[in-house]
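**Q** when you get a sec, could you give me coordinates for this:
(one chain, ligands or ions: 1)
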Amino acid sequence: MRPRGPWRAIPGFPVTFRYVIHTFGCQMNVHDSDRMAAVLRHAGGVPAAGTGDADVVVFNTCSVREKAEQKLRSEVGRLAPLKRCRPDLVVVVAGCVAQQEGKRLLARIPHVDLVVGPDNVPELPALLLDRMAGAAPTARTEFDTLAPRFLAAPLEPGRAPVVGLVTTMKGCDERCSFCIVPHTRGPERYRPTREIVDEARRMVAEGTREVLLLGQTVDSFRDPALEPPGGDDPDETQFPQLLRALVRQVPALARLRYTSPHPRHATESLARAHMDLDVLARHVHLPVQSGSDRVLRRMIRRYTRAEYVARADRLVRARDGITLSTDIIVGFPGETRADFEETLSLVREVGFVSLFGFKYSPRPHTAALRLHDDVSEEVKSERLARLFEVADVIGSAHLSSLVGTRQQVLVEGASKRDAGSAIRVQGRTDRNEIVHIDAPEAASLIGAIVEVVIARANRHSLVGVPSDVPPARAQPRGQVRRLPVYG
Ligand code: SAM
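**A** From the prediction side, this is the model:
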C-alpha cells in the first residue's frame with residue numbers, strides 16, 4: 001500500500017512514524033489514550049502536530065451515549081478525503097465503539113484500517129506494522145479475560161502529573177439496564193494490589209501528589225492477597241483494604257481519590273476507611289441515576305432510594321465536611337413526571353454539590369432496549385434543564401458558603417481560561433472544589449498544597465488568594481445561606 005516503505009524517517013529524529021490520538025468520552029478514555037500513546041512511543045512513534053501531519057490517526061472512542069458515537073462517526077468520516085490523497089495514512093478506531101462494532105466498522109467505514117478494542121492496545125504496534133506491510137484491514141476485539149493485562153502510566157522522570165490516574169480494575173459485572181459498558185469493557189478483572197501500589201509509589205517518587213484510582217465500579221475491588229472482606233454484608237469488598245494498603249505503603253502520598261464507586265459497595269467498611277484515612281479526599285462521586293424506586297428497579301441498580309440515602313449519609317458522617325456529587329439520567333423509559341420529581345427531591349435531600357446529568361440514550365446490547373423509549377426528546381431536555389437549575393442552586397450555595405474560609409488547595413496547573421499565562425493557576429481542595437489562585441509567581445506553586453482564603457465564588461468554581469495575602473473582595477460569611485447536607 002505505501003510506496004515509501006515503512007514509515008518515513010523524520011529528519012533529526014530516530015523515529016519511524018508520527019501519530020495523533022483523538023479522544024472521546026470520559027476520564028477513563030483520556031487515561032486509555034495516555035497508555036496508547038506510550039505503546040506507540042515505545043514502538044518508535046512521535047506525536048504529530050496534527051492530523052494533516054500524521055502517519056497514524058487513532059480515534060479513541062466512547063459509546064456510553066449515542067451522541068458520542070455519532071460524533072466519532074462524523075470525525076472519522078471527515079478523514080475520507082485525506083485518506084484518498086494519502087492511501088498510506090493508517091486510520092485506527094480504538095476504544096468502546098471499536099469493541100461494540102468490531103468488523104462491522106471496517107465494512108461500514110471503508111477508510112478505516114484497524115479496529116482495536118480496549119484490551120488489545122498492546123497489540124497495536126504489531127497490527128500497524130502488518131497493515132503497513134500490506135495486510136488486510138483488521139479488527140482485534142478480544143477481552144483478555146484469562147490473563148488480564150494492565151498497562152502502567154507512562155512516566156517521564158521529573159515530569160509526573162500532579163494528579164496521577166491509576167487503574168485498579170477493568171470491565172463491569174453490573175447489569176444496569178441502560179448501560180453498554182459490560183458489553184464494551186467485558187467482565188470485571190482486578191489489577192493486583194502490588195501493581196497498583198507500585199505504580200502509585202513510582203508516580204509519587206517522581207512528584208505526583210494525588211492519586212486518583214479508576215474503575216467502572218471501583219469499589220467492587222477484590223484481591224486474594226488482601227484480607228478477606230469482613231462482616232455479614234454481602235456487598236462488602238476489599239476496596240477499603242486497597243485504600244489502606246496504599247496509604248500505608250505510599251506514605252508520601254498527599255491525597256487519594258477514587259471514581260466511580262457503585263452505591264451497592266459503599267459499605268460500612270468504606271465509611272470506616274474515610275474515618276481513619278486523612279489522605280482520602282472528603283468528596284465522593286456516587287452515581288445514583290434516579291430518585292424513584294420504580295425507575296431504579298427498571299434500571300436494575302440493585303438499591304432503593306432509602307438504601308442509597310442511608311449509604312450516602314454514612315459516608316457523609318464519616319468525616320467532617322465530606323461532600324457528594326452524582327450522575328443522573330433523565331427520561332429513562334417509563335419515567336413519569338412524578339418519578340422525575342422524586343429525582344429532584346433526592347437531589348435536594350442529599351444536597352449533591354455537583355452532578356452530571358444525561359438524557360437517556362438507548363444503547364445496543366442493553367436490557368432497556370426492550371422497554372419503550374417513551375419520553376419525548378423535548379421532555380427529556382426540559383427535565384435536564386430543571387435538574388441543572390436545582391443542582392446549580394445547591395452548588396452555588398455550597399460554593400458561596402466557602403467565601404472567607406481558608407482552604408488547602410493542591411495546585412494542578414494554569415487556569416484553563418488563562419492557559420499559557422503564568423499568572424493564574426488552578427487547583428482543587430480536598431473536596432474537589434476548583435479554586436483559581438491569583439498570586440505573584442503563581443506558576444511556581446504548581447504541585448504545592450497552598451492555603452488560600454476564598455475571596456469569591458463563581459458559578460462552578462472559587463477564587464482564592466494565598467492566606468498570607470489579605471483577600472481583596474471577601475464577602476462576610478453571614479450573608480451566605482448554608483444548605484444542610486440533608487434536610
Ligand atoms: N459505572 C458507573 C456507574 O454506573 O455507577 C458510571 C459509568 S458511565 C461511563 C457514566 C455515566 O453515564 C453513568 O453514571 C450514567 O449516568 C451515564 N450513562 C450510562 N449509560 C447511559 C445511557 N444509555 N443514556 C444516558 N446516560 C447514560
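
**Q** only C-alpha atoms, please: export stretch 380-391 in CSV.
**A** What follows is stretch 380-391, C-alpha atoms only, in CSV (Å, rounded to 0.1, in the frame of the first residue of the first chain):
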residue,chain,number,x,y,z
LYS,A,380,-36.0,14.9,28.3
SER,A,381,-34.5,18.4,27.5
GLU,A,382,-36.9,20.1,29.9
ARG,A,383,-36.2,17.7,32.7
LEU,A,384,-32.5,18.0,32.2
ALA,A,385,-32.7,21.8,32.3
ARG,A,386,-34.8,21.7,35.5
LEU,A,387,-32.3,19.2,37.0
PHE,A,388,-29.4,21.6,36.3
GLU,A,389,-31.4,24.5,37.8
VAL,A,390,-31.9,22.7,41.1
ALA,A,391,-28.3,21.4,41.1
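
**Q** tell me which residues are up against it.
**A** When contacts are defined by Cβ atoms under 8 Å, 6 or more residues apart in numbering, stretch 380-391 is touched by residues 328, 330-331, 340, 343-344, 347-348, 352, 354-355, 357-360, 375. Quick note: C-beta positions are derived from backbone N, CA and C, even for glycine.

**Q** one more pass at 10 Å, please.
**A** 325-326, 328-332, 335, 337, 339-341, 343-345, 347-348, 352-361, 373, 375-376, 395 (Cβ atoms under 10 Å, 6 or more residues apart in numbering).

**Q** so which of the residues you listed are in helices?
**A** Residues from the contacts of stretch 380-391 lying in helices, with DSSP state H as the criterion: 337, 339-341, 343-345, 347-348, 395.

**Q** may I see the PyMOL selection of the buried members of these?
**A** Here is the PyMOL command that picks out the buried ones among these, judged by 16 or more other Cβ atoms under 10 Å:
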select buried, resi 339+340+343+344+347+348+395
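
**Q** which one of the ones in helices among the contacts of stretch 380-391 is nearest to the ligand?
**A** The closest of the ones in helices among the contacts of stretch 380-391 to the ligand turns out to be residue 343 (Cβ to the nearest ligand atom; 11.9 Å).

**Q** excluding covalently adjacent residues, which one is nearest to the closest one?
**A** Nearest non-adjacent residue to residue 343, counting by Cβ to Cβ, 6 or more residues apart in numbering: residue 291, 3.9 Å away.

**Q** any idea how far the ligand is from the one you found?
**A** Using Cβ to the nearest ligand atom, to the nearest Å, residue 291 is found at 13 Å from the ligand.

**Q** that residue contacts residue 332, doesn't it?
**A** No. The criterion here is Cβ atoms under 10 Å, and residue 291 misses it with residue 332 at 11.7 Å.

**Q** which of the two has more residues huddled nearby?
**A** Between residue 291 and residue 332, residue 332 has the larger neighbour count (other Cβ atoms under 10 Å), namely 27 against 23.

**Q** can you pull the buried residues of stretch 73-85?
**A** For stretch 73-85, by 16+ other Cβ under 10 Å, it's 73, 76, 79, 83.

**Q** who touches the last one in this structure?
**A** This means residue 83. Contacts were defined as Cβ under 10 Å, 6+ apart; by that measure residue 83 touches 57, 76, 89-91, 110-113.

**Q** next up, phi/psi of it, please.
**A** The phi/psi pair for residue 83 (degrees, to the nearest 10) reads phi -70, psi -30.

**Q** picking that back up, if we check the ligand, which of the buried residues of stretch 73-85 are in contact?
**A** The subset of the buried residues of stretch 73-85 within reach of the ligand, by Cβ under 6 Å from any ligand atom, is empty.

**Q** read off the pLDDT value for residue 414.
**A** Residue 414 carries a pLDDT value of 85.

**Q** helix, strand or coil for the residue nearest to it when sequence neighbours are not counted?
**A** Spatial nearest neighbour of residue 414, excluding adjacent residues (Cβ to Cβ, 6+ apart): residue 425 at 5.9 Å. Using DSSP: H, G, I helix; E, B strand; the rest coil, the secondary structure recorded for residue 425 is strand.

**Q** tell me how many other residues surround the closest residue to residue 254 other than its chain neighbours.
**A** Leaving aside its sequence neighbours, residue 254 sits nearest to residue 209 (Cβ to Cβ, 6+ apart; 4.3 Å). For residue 209, the count of nearby residues is 22 (other Cβ under 10 Å).

**Q** got it, and residue 288?
**A** As a burial measure, residue 288 scores 24 neighbours (other Cβ under 10 Å).

**Q** quick check: closest non-adjacent residue to it.
**A** In space, residue 288 is closest to residue 326, 4.8 Å off (Cβ to Cβ, 6+ apart).

**Q** one step back: would TSV of the buried residues of stretch 73-85 with secondary structure be doable?
**A** Below are those laid out as TSV (three-state DSSP):
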residue	secondary structure
73	helix
76	helix
79	coil
83	helix
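
**Q** residue 365 contacts residue 178, correct?
**A** No. Residue 365 is not in contact with residue 178 according to Cβ under 10 Å; the separation is 11.3 Å.

**Q** look at the two and report which has more neighbours.
**A** Just comparing residue 365 and residue 178: by other Cβ under 10 Å the higher neighbour count belongs to residue 178, 25 against 12.
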